[in-house]
Every structure is written in C-alpha cells, then in structure tokens.
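>>> coords please:
(3 chains)
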Amino acid sequence: MPEAGELTFLLGGARSGKSAHAERLVTAWPSPWTYIATAQAFDEEMVERIALHRTQRAQGWQTIDAPLDLVEAIADVPDGVPLLVDCLTLWLTNHMLAEHDLEQESARLEAALARPRGPWFVVANEVGLGIVPENALARRFRDEAGRLNQRIAAQADAVLFMVAGLPLKVK
Amino acid sequence: MPEAGELTFLLGGARSGKSAHAERLVTAWPSPWTYIATAQAFDEEMVERIALHRTQRAQGWQTIDAPLDLVEAIADVPDGVPLLVDCLTLWLTNHMLAEHDLEQESARLEAALARPRGPWFVVANEVGLGIVPENALARRFRDEAGRLNQRIAAQADAVLFMVAGLPLKVK
Amino acid sequence: MPEAGELTFLLGGARSGKSAHAERLVTAWPSPWTYIATAQAFDEEMVERIALHRTQRAQGWQTIDAPLDLVEAIADVPDGVPLLVDCLTLWLTNHMLAEHDLEQESARLEAALARPRGPWFVVANEVGLGIVPENALARRFRDEAGRLNQRIAAQADAVLFMVAGLPLKVK
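Alright, predicted model coming up:
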C-alpha cells in the first residue's frame, strides 16, 4: 500500500447496510484496520447500539471514539492503514448539539479527508428524502447534513449509494 | 415456465410507481397471475386505497388477502404461476402492531422466498432516507423494515430501486 | 438551437445539489437563460433562502417568479432559450395551500412541458423515502408530489436522481 490512498464515501439511509458494506470493503485489505466511531451515547438505546456495533466487529480492529475530535483522530491514523469512519452524520449531530460552528468544522473535516494516506472509507446518512420536517432544528440539521455530504462526495474518489445492503455506484 | 423461478425485488418510496411497475413485469407473463395483498384497512383512507388498487387491476388476477399469513399464502401459489406480493412493509407493520416476533416472522418469510417456483415479484417500501423519526416506535419500525429489505435483497435475483416510476437496477 | 428541445428532469432530496447541478447544465448553453422560480415567501426563513438563491446566480439570467402561474410563465419563454424551472414541488405546495384542483393543475403542467422549445431543465423534490408522515395533509402532499414526479419523469427525455451533488442517470 503506497502512502497515497483513496477515499470511498458510502451514503445511505437507516439500515441500508452501509456500515456492514464499508466493513467488508475495509477488511478486504490486510489488518490492522482503524475504526473511528463518532457515536455518542445520550440514552440507553444508543448505549445498546454502540455496544452491539463494537461486539459485532471482529478482531484486527483498533477502535477510536471521536464524537467531536474526528479531525484529530484522522490525523493520528498511521500511513497506509485502512480506515473506516462511521459516521459523519453523527459527528455533525454532536457538533450541532454542542453549538459549534458547523461551517468551520465541515471545512476542517473536508481538509482532513483531502489527502487520504491509505484506503479510507467514510460513511454518512442520507436524510433529505422524506417530507420537510416540522421543526426548524430538524430542517437545519437536514440542510447541514446534505451540504456536508455534497462536500465529501465532491472530493471522494468513489461514492456508493446503499440500497437494501447493495451498493449503487454514483461516482 | 420451469418449476424453478426468479425472485425480483422492487423497492421504492411512496408513490414511486413500484406497484404499477411490478404489475407490468408480472403481466408480461401469460395469465393467470396471483396477487397477494398485505394491506389491512384500519381506517377509511386505507379502505379507499385498497378498493382503488383492486379496481385498477385488470382481469386475469387472482387476489389473495394476507395481512399476516403471507408465508402460508406463498406456499399455496401453484408452480409456475407469476406472483406479485404487495407489499412486505405493510405485512411487517401488521405483525408489529400484532406484537409478533418480527425476527422469527422475517426468517420464515425469507425461507418462503428462498426458492421461487415461478416468476415472483415482491414489492417493499424504502422508509429510511428521511430525518430520524421523533418517536421510538417509528424508529424501531424503520430499523426492522430496513433489515427485512436487506435480507430479501440479498437473496433476490434482481433488485430494482424505483425513482418516479423508473427502475434503477441495483442488482 | 432548433425549435424542438429536450426536457431534463432532476429529482433529489433536500440539499442533494439538484439546483446547482441544473444551473451547471443550463449554463453550458449560451446565455441568456430563463429561470422560473416557484418559491413563495411565507416566513423569514423562506425570504432568506430565496434572496440567497437569487444572489448566488450569476449574470445572464432572467428570473421570473411564478409561485402559481407556472404554465403561463413557461408559455412565455422564447423559443430556443435554455430554461430552468426550480422547483415543481414548491409549485405543487403553493397550489395545495391555495386549495386548487391538483389533478387539473398537474395535467396542465404536463401539457406545458410536453413539447420543450429549447433545452429545458426541471427540478423537483423526492419526498417519499421517509417514514409515513403522521399528519394526513403531509401524507396527501407526499402522494401528490410523487404522482406529479412520475408524470413528468414519464415524458422527460432524461431523468437524473441526485445523490450528494452527483447525478445518477435513471433515464
């Protein structure tokens, strides 16, 4: 694996199989693999989901929790190591709830992903294909998530839209 | 038509034309055709929708209502007969409202669709591409529907994602 | 540019980059270009969005506001002029709120777009891929929007489904 790498962006709805597909793509490379998890447990439901995700991953993974400091976590990934970031949308949620400057955070993330130093795989949720949400915060979140997805898709080498566990190649 | 068949899975949003497209695919085969409807009328709106669907279908169809007993209805379909199941998501809703074991029901359905005995077409809704629903039941339903879609897509011979009445071939 | 033209239909979720992509496609033709905007400002959020869209467009555009009278505005577009209509879903919303006959309005729009007199690009929202909305008005709107999208897609020469700023060719 050369120092230079490729960025693959996997986008999909809830339970579209995007994380599982991303894990398959990452583990097609030799281990060790780095997993950066952005999930933050606010309630019991989330604690269970996170724990389930963790136990479902096989050996060979180094898992790093980065609900907010994703840019720093990416900077620490060794050259050539296959990386899975899951997911950008939760990371954005965390920054939104912390009332951080989303434009600034998004720009920093975009820069951090601009030169992959290995086979990097980044997962995000598509949340903009339903009815306009009734509350203003949800509408703003939907806009910010969509904008971030566009930025990352623009600089990704490959973009996959996941449908029922199957990848549709968009780029 | 041989005893062995093929399973086509049509997935799409509300009013994406998935039922109409599935009917076109089924009726490209010689009649008679079997239609298994899973809709259950809880209110006037649903009664109207079901009646409308029924009258819109031409002759040559045998319609079977199976809001819950879909597996049994599929078992009764004669060999070689083209089949349309519309739709898995309503069937899942019905079992969820009846507080049945969804994992067990999904596994039974998966087995029932594993060996199509004719050209079988199965329709389902994609419901996971909007904002995270505020109520927990809707979130659980979204997860279950997505999981079921992944299972059926995995064993289908062909998967179509419907967009504004047009099929995108995913598999 | 001959009198006859082509209709391109761009469909996507919120912040999927459909307007920006449509503008790129239109401005690949020589100016002047006609922009028909259907947005209607009900509140401050909308006023800001409309103003932002307007200032983001470069010179060479003639902008026409047609929150309701879209059919008439299309009739006035000179032969051979590249046209962008953004978007059908807001236009449908405006007619729904005005309690007009949506079937009749949709049929008129369909007829107006049947014979493009130049390179015409029409944008609409896909809103049917989330959980079933709880309120009946939202459900009805979702159905009407989906039906309109199917009608326009059926007669379009090209249909693009936008994902994170990237076009998926559906037709």
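>>> Name every strand pairing with the host helix or strand of A:L10 and say which way it goes.
Counting by DSSP states H and E, the secondary-structure element that holds A:L10 is strand A:6-12. According to DSSP bridges, the neighbouring strands of strand A:6-12, each with its direction, are strand A:119-125 (parallel), strand A:158-163 (parallel).
>>> all helices for chain A, in order.
Listed in chain order, the helices found in chain A under DSSP state H are A:18-26, A:44-56, A:70-75, A:88-97, A:102-112, A:136-155.
>>> quick one, which of those helices is nearest to chain B?
Nearest to chain B among these is helix A:136-155; the distance by Cβ to the nearest Cβ comes to 5.1 Å. (Glycine included, C-beta is placed from N, CA and C.)
>>> rewinding a little: I'd like the helices of chain A written out as CSV, with mean neighbour count, mean pLDDT and distance to C:L25 added.
Converted to CSV, the helices of chain A look like this (neighbours: other Cβ atoms under 10 Å in any protein chain shown; pLDDT from 0 to 100; distance: least, Cβ to Cβ, whole Å):
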stretch, mean neighbour count, mean pLDDT, distance to C:L25
helix A:18-26, 20, 96, 29
helix A:44-56, 12, 70, 40
helix A:70-75, 17, 98, 34
helix A:88-97, 21, 96, 28
helix A:102-112, 15, 96, 25
helix A:136-155, 19, 96, 16
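>>> how many neighbours does the residue nearest to A:G118 when sequence neighbours are not counted have?
Distances taken as Cβ to Cβ, 6 or more residues apart in numbering or on different chains place A:G5 nearest to A:G118, at 4.3 Å, with adjacent residues excluded. Look at A:G5: counted by other Cβ atoms under 10 Å in any protein chain shown, it has 19 neighbours.
>>> give me every residue that touches A:G5.
When the contact criterion is Cβ atoms under 8 Å, 6 or more residues apart in numbering or on different chains, the partners of A:G5 are A:80, A:116-120.
>>> filter those residues to the buried ones?
Taking 16 or more other Cβ atoms under 10 Å in any protein chain shown as the criterion, what is buried in the contacts of A:G5 is A:116-120.
>>> Please convert the strands paired with strand A:6-12 to TSV, extending it with mean pLDDT.
Listed next are the strands paired with strand A:6-12 as TSV, based on pLDDT from 0 to 100:
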stretch	mean pLDDT
strand A:119-125	98
strand A:158-163	98
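>>> Turn those strands into a markdown table, columns for distance to B:L109.
Shown next, in a markdown table, are those (distance: least, Cβ to Cβ, whole Å):
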| stretch | distance to B:L109 |
| --- | --- |
| strand A:119-125 | 27 |
| strand A:158-163 | 19 |
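>>> check contacts around A:P133.
For A:P133, the set of contacting residues under the criterion of Cβ under 8 Å, 6+ apart consists of A:139, A:142, B:130-131.
>>> at 6 Å what do you get?
Applying Cβ atoms under 6 Å, 6 or more residues apart in numbering or on different chains, one finds that A:P133 lies in contact with A:139, B:131.
>>> One more: A:V122?
A:V122 is in contact with A:9, A:85, counting by Cβ under 6 Å, 6+ apart.
>>> same thing but at 8 Å, please
Taking Cβ under 8 Å, 6+ apart as the contact definition, A:V122 lies against A:7-10, A:84-85, A:87-88, A:113, A:152, A:156.
>>> just to revisit the earlier point, just curious, which of the contacts of A:G5 is nearest to chain C?
Taking Cβ to the nearest Cβ as the measure, chain C lies nearest A:W120 of the contacts of A:G5, at 16.6 Å.
>>> follow-up on the earlier one: closest to A:L25 among the contacts of A:V122?
Closest to A:L25 out of the contacts of A:V122 is A:T8 (6.6 Å), distances taken as Cβ to Cβ.
>>> List the beta-bridge partners for the closest one.
Taking DSSP bridges, one obtains A:F121, A:A158 as the residues bridged to A:T8.
>>> What's the separation between it and chain B?
Distance from A:T8 to chain B, counting by Cβ to the nearest Cβ, to the nearest Å: 18 Å.
>>> Pull the contacting residues for that residue.
Contacts were defined as Cβ under 8 Å, 6+ apart; by that measure A:T8 touches A:22, A:25, A:119-122, A:156-160.
>>> do A:S106 as well
A:92, A:144, A:147-148, A:151.
>>> Likewise for A:L68?
The contact partners of A:L68, by Cβ under 8 Å, 6+ apart, come to A:91, A:94-95, A:98, A:100.
>>> Would you reformat those residues as JSON lines and include distance to chain C?
Converted to JSON lines, the contacts of A:L68 look like this (distance: Cβ to the nearest Cβ, whole Å):
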{"residue": "A:W91", "distance to chain C": "16"}
{"residue": "A:N94", "distance to chain C": "19"}
{"residue": "A:H95", "distance to chain C": "17"}
{"residue": "A:A98", "distance to chain C": "21"}
{"residue": "A:H100", "distance to chain C": "19"}
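>>> possible to save the residues you listed as CSV with distance to A:E48?
Shown next, in CSV, are these (distance: Cβ to Cβ, whole Å):
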residue, distance to A:E48
A:W91, 20
A:N94, 18
A:H95, 24
A:A98, 23
A:H100, 27
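>>> So which bits of chain A are right by chain B?
Contact residues (Cβ under 8 Å from any Cβ of the partner chain) of chain A with chain B: A:12-17, A:45, A:126-131, A:133, A:138, A:141-142, A:163-166, A:168.
>>> Write the ChimeraX selection for whichever of those residues are buried.
When burial is assessed using 16+ other Cβ under 10 Å, the buried subset of the residues of chain A next to chain B is captured in ChimeraX by this command:
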select /A:12,13,14,15,16,17,126,127,128,129,130,131,133,138,141,142,163,164,165,166,168
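>>> Next one: stretch A:78-89, is it in contact with chain C?
No. Stretch A:78-89 is not in contact with chain C by Cβ under 8 Å from any Cβ; minimum separation 10.9 Å.
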